[in-house]
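> test case, fold it:
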Amino acid sequence: MDCVRLVNREHRLPHEESLWTKELVWIDHQTQLQPVCARALNAWISACGGEQEVTFVSGWRSYAQQHIIMKETEAERGWDYAHQFVAEVRASEHHTGLAIDLGIAGKDQDLICPDFSGPLAEKMHACAARFGFILRYPKQKTKITGISEEPWHYRYVGPLHAQIMNEKDWVLEEYAEFLRTCSPSHPYLYFDGQQHWALWTQSVSSTVDDGAAGSLLDETTRLIVQALDPAPVAIGKDRAWVELDSAALRHNLITLEKAMSDEQKIMAVLKANAYGHGLAPIAQFLSRQGVDHFAVATMEEAKVIRDLNPNAEILILGYVPACHAQEVSELKLSLTLTSYQQACQLSQTGYPITAHLPVDTGMHRLGEAAQDLDALARYYQLPNIKITGTYSHLYEADNLSPEAQVHTQAQIERFFAAIDGLKHRGIDPGRVHLQGSYGFLNYPELRCDLVRCGIALFGCIADHRSQTKLDLRPVASVHTRIAALRSLKKGEGAGYNHVWSAPQDTTAAILSIGYSDGLLRSSSFQGVEVLIHGQRCPLVGAMCMDQCFVDIGSLPAVIGEEVIVIGTQGTQSISALEIADRTGTIVPETLSLLRGRMPRIFI
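This is a model prediction of the structure:
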């Protein structure tokens with residue numbers, strides 16, 4: 001049974017409806033459902049004591065019945081009302097036998113909008129997920145579902161999927177969209193309290209491995225659900241790994257977009273392996289969210305995104321020599337013209353090149369001086385070079401001191417003066433962009449076409465450096481495991497050169513993560529801590545390439561136990577910002593150092 005089959009206007013059921021009608025059972029004199037849904041519904045109602053109060057308004061409907069209901073509603077209440085509350089034929093969940101409209105006995109029940117409210121309805125809603133049901137059309141998700149709020153309409157998806165959607169506050173459209181980003185090599189790993197599960201999707205034409213259950217997610221996508229046994233360690237979580245919170249990433253994207261004007265668009269900056277988060281999974285996820293402008297540092301990074309998104313604009317911010325002109329042109333990548341010499345060399349290759357022109361407003365890194373309009377204008381005259389964007393970078397945007405703000409305002413004025421000067425000469429500068437993450441948060445009034453968001457997308461903004469306080473949430477957490485435990489007497493050393501010795505009798509936990517995974521070797525001497533059992537424990541001794549030491553005192557611990565390096569456990573949290581502050585660096589460096597040998601796992 002395809003319990004999570006997405007059915008809506010975009011994903012309609014096939015013309016042949018017999019696939020859904022073979023095993024229907026009667027739950028009263030007029031209502032039919034699939035057996036699995038009927039059993040769960042009875043258990044749900046019984047657990048809430050609703051046997052005498054709950055009525056069944058509508059269950060399974062044939063295509064013919066749906067057509068009649070639509071036409072009658074159009075005639076009686078108008079086209080707008082009908083299409084607000086009644087799905088079209090083959091786009092209604094009622095065809096599956098997995099959807100039920102509920103009512104309360106003693107109340108007038110309208111077929112289209114029944115009354116399911118009151119204490120019993122609230123009690124049933126609170127425990128719906130436990131029995132495998134979701135409220136299909138909640139009020140706050142109407143823009144996503146395309147259907148007005150229906151507090152009476154529940155859909156059976158099974159306890160596992162209902163629990164996940166309930167925890168993530170997703171409707172089925174959001175859940176399906178997320179699942180499409182999961183693959184056999186990067187499955188979604190979930191623990192339901194008793195069993196570990198791996199979930200991923202593949203095309204309907206792909207072969208399903210033994211031991212995995214496959215069901216249709218939509219007409220082209222198959223969902224695979226596999227129980228992981230033995231359960232203690234899930235796939236990819238055996239030594240050290242990075243977890244990516246998909247809900248946080250989606251939330252950050254939406255939050256940033258809402259803070260922008262309608263004319264502005266996000267350019268997702270995914271340099272340095274997406275700031276250590278994993279370039280491929282992040283680019284794929286953002287592409288599915290509708291992001292179509294990306295910025296990277298290198299050709300190799302750009303090619304990774306192009307393989308995932310054939311139509312997006314991908315701007316390479318770093319230097320690319322002219323020897324790559326043919327490949328750049330064929331892949332339709334956009335280059336940064338780092339100097340006039342490079343631009344001339346690219347032009348001379350004869351390959352059509354799309355580019356953005358940097359303007360030096362004071363950072364003195366790339367581009368011609370903003371005041372030198374003649375130098376800027378000559379780039380636009382080069383044959384084979386099409387400039388579709390002009391930009392600069394604010395070098396003190398994260399500094400809120402009065403002096404820094406004066407410098408930034410001067411940069412802003414220089415940049416827009418250059419843009420106006422080019423336009424006055426009849427030159428189209430293309431899409432204009434000036435703000436990075438802190439540039440947008442501290443100078444949101446600027447009306448550029450694109451906003452380059454990197455670290456803000458990943459929720460790692462320092463509040464004391466930002467005037468605009470947005471609810472941005474960390475996306476990445478870093479995890480490892482205890483590889484060994486050592487009892488140490490007072491004065492005994494551990495690790496290379498015994499640079500640390502136990503100040504008292506204690507236990508050292510050896511973690512299966514080291515500086516080759518991206519931790520700074522100096523962390524052990526700078527007060528960096530990890531979380532074990534929700535308690536902070538200090539790194540000690542000289543960090544090894546693949547292991548490190550933690551003084552856990554008398555804290556009970558076992559080999560194989562999970563340890564949080566960055567993230568939350570219990571009531572305690574360790575952020576990338578905290579580690580950066582303790583080690584004397586910045587968050588982008590802390591995250592960008594995370595090595596690719598640690599799997600990136602969406603949760």
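> was I right to think Val528 contacts Thr583?
Yes - using C-beta atoms under 8 Å, Val528 is in contact with Thr583, at 6.7 Å. For every residue, glycine as well, the C-beta is placed using N, CA and C.
> touching both of these two, which residues are there?
With contacts defined as C-beta atoms under 8 Å, 6 or more residues apart in numbering, the residues adjacent to both Val528 and Thr583 are Leu520.
> so the protein: which segments form each domain?
The record's domain parsing of the chain by automatic domain parsing lists 17-172, 180-235, 244-465, 476-574.
> now mean pLDDT, mean neighbour count and distance to Glu10 too, for the ones you listed, in a markdown table please.
Output for the domains of the chain, formatted as a markdown table (pLDDT from 0 to 100; neighbours: other C-beta atoms under 10 Å; distance: least, C-beta to C-beta, whole Å):
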| stretch | mean pLDDT | mean neighbour count | distance to Glu10 |
| --- | --- | --- | --- |
| domain 17-172 | 91 | 18 | 8 |
| domain 180-235 | 76 | 15 | 9 |
| domain 244-465 | 95 | 19 | 14 |
| domain 476-574 | 94 | 17 | 32 |
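> CSV for these, including distance to Met598?
Output for the domains of the chain, formatted as CSV (distance: least, C-beta to C-beta, whole Å):
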stretch, distance to Met598
domain 17-172, 24
domain 180-235, 13
domain 244-465, 9
domain 476-574, 6
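> tell me which of the ones you listed lies nearest to Phe602.
Each of the domains of the chain was scored for nearness to Phe602 using C-beta to C-beta, and the closest is domain 244-465 (5.0 Å).
> I'd like the distance from that closest one to the chain centre, please.
On the basis of C-alpha atoms, centre = their mean, to the nearest Å, domain 244-465 sits 21 Å off its chain's mean C-alpha point.
> for stretch 45-61, same thing?
What separates the centre of stretch 45-61 from the centre of its chain is 37 Å, taken as C-alpha atoms, centre = their mean.
> hmm, who's touching it?
Around stretch 45-61, the neighbours that count as contacts under C-beta under 8 Å, 6+ apart are 20-21, 24, 27-28, 30-34, 69, 92, 94-97, 99-106, 109, 111, 114, 120, 123-124, 127, 131, 152.
> same thing but 7 Å
For stretch 45-61, the external contacting residues (C-beta atoms under 7 Å, 6 or more residues apart in numbering) are 24, 27-28, 31-33, 92, 94-95, 97, 100-105, 109, 111, 114, 120, 123-124, 127, 152.
> ok, stretch 104-111 next?
Gln52, Glu53, Thr55, Val57, Ser58, Gly103, Asp115, Phe116, Gly118, Leu120, Ala121.
> alpha carbons of it, as CSV, please.
As requested, C-alpha coordinates have been extracted for stretch 104-111 and formatted as CSV (Å, rounded to 0.1, in the frame of the first residue of the first chain):
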residue,chain,number,x,y,z
ILE,A,104,-18.9,15.2,15.7
ALA,A,105,-22.3,13.5,16.3
GLY,A,106,-25.2,15.9,17.0
LYS,A,107,-23.8,18.6,14.8
ASP,A,108,-25.1,19.4,11.3
GLN,A,109,-22.5,17.9,9.0
ASP,A,110,-21.9,19.5,5.6
LEU,A,111,-20.3,17.1,3.1
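> helices or strands next to the host helix or strand of Gln84 in the packing?
Gln84 belongs to helix 79-85 when elements are defined using DSSP states H and E. The elements that helix 79-85 packs onto, with contact taken as 3 or more C-beta pairs under 7 Å, 6 or more residues apart in numbering; DSSP states H and E, are helix 63-77.
> any idea how far the helix it packs on is from the chain center?
Once both centres are worked out by C-alpha atoms, centre = their mean, helix 63-77 turns out to sit 40 Å from its chain's centre.
> that one packs against which elements?
With contacts defined as 3+ C-beta pairs under 7 Å, 6+ apart, helix 63-77 has these neighbours: helix 79-85.
> mind listing the helices for the stretch 301-450 of the chain?
For the stretch 301-450 of the chain, helices defined by DSSP state H, counting those that start in this stretch occupy the ranges 325-331, 340-348, 373-379, 402-424, 437-442.
> ok, and what's touching the third one?
For helix 373-379, the external contacting residues (C-beta under 7 Å, 6+ apart) are Leu337, Tyr340, Ala343, Leu357, Val359, Glu368, Ile387, Ala418, Gly421, Leu422, Arg425, Ile427.
> nearest to Glu167, of the helices of the stretch 301-450 of the chain?
Using C-beta to C-beta, the helices of the stretch 301-450 of the chain put helix 437-442 closest to Glu167, at 28.4 Å.
> which is the next helix or strand following the closest one?
Where DSSP H and E defines the elements, the next helix or strand beyond helix 437-442 is strand 450-453.
> who does the helix or strand following that following strand pair up with?
Using DSSP H and E, the helix or strand that follows strand 450-453 towards the C-terminus is strand 476-488. Strand pairing for strand 476-488, determined by DSSP bridges: strand 240-244 (antiparallel), strand 506-511 (antiparallel), strand 562-569 (antiparallel).
> tell me the helix or strand right after the longest one.
Using DSSP H and E, the helix or strand that follows strand 562-569 towards the C-terminus is strand 572-574.
> who are the packing partners of the helix or strand just after that next one?
Using DSSP H and E, the helix or strand that follows strand 572-574 towards the C-terminus is helix 576-583. Where contact means 3+ C-beta pairs under 7 Å, 6+ apart, helix 576-583 is packed against helix 587-592.
> output the helix it packs on as CSV, restricted to C-alpha atoms.
The C-alpha coordinates for helix 587-592 follow below in CSV (Å, rounded to 0.1, in the frame of the first residue of the first chain):
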residue,chain,number,x,y,z
VAL,A,587,33.1,30.7,12.1
PRO,A,588,33.6,30.3,8.3
GLU,A,589,37.1,28.9,9.0
THR,A,590,35.9,26.6,11.8
LEU,A,591,33.2,25.1,9.5
SER,A,592,35.2,25.2,6.3
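> now Cys182. Its backbone dihedrals?
Recorded main-chain torsions at Cys182 are phi -90, psi 140, according to degrees, to the nearest 10.
> got a list of what it touches?
In this structure, Cys182 makes contact with Tyr188, Leu199, Trp200, Thr201, Phe602, judged by C-beta under 7 Å, 6+ apart.
> same check, this time on Glu17
Contacts were defined as C-beta under 7 Å, 6+ apart; by that measure Glu17 touches Ser62, Tyr63, His95.
> state the distance from the second one to Cys3.
Distance, Tyr63 to Cys3, using C-beta to C-beta, to the nearest Å: 20 Å.
> please apply the same query to the last one.
Distance from His95 to Cys3, counting by C-beta to C-beta: 14 Å.
> how about the helices of the stretch 301-450 of the chain, which one is nearest Val291?
Between Val291 and those, the tightest spacing by C-beta to C-beta is seen for helix 437-442, at 14.9 Å.
> please save the CA atoms from that closest one in CSV.
The C-alpha trace of helix 437-442 is given here as CSV (Å, rounded to 0.1, in the frame of the first residue of the first chain):
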residue,chain,number,x,y,z
SER,A,437,25.4,37.9,4.8
TYR,A,438,26.5,40.6,7.2
GLY,A,439,26.1,43.2,4.5
PHE,A,440,22.5,42.3,4.2
LEU,A,441,21.8,42.0,7.9
ASN,A,442,23.5,45.3,8.8
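> who's in contact with that helix?
Counting by C-beta under 7 Å, 6+ apart, the neighbours of helix 437-442 from elsewhere in the structure are 394, 397-398, 400, 451, 453-456, 461, 465-468, 470.
> can you do 8 Å?
Here helix 437-442 has contacts from 256, 259-260, 394, 397-398, 400, 408, 446, 451-457, 461, 465-468, 470, using C-beta under 8 Å, 6+ apart.
> of the contacts of stretch 104-111, just say which sits nearest to Trp79.
Of all the contacts of stretch 104-111, Ser58 has the smallest distance to Trp79: 20.9 Å, by C-beta to C-beta.
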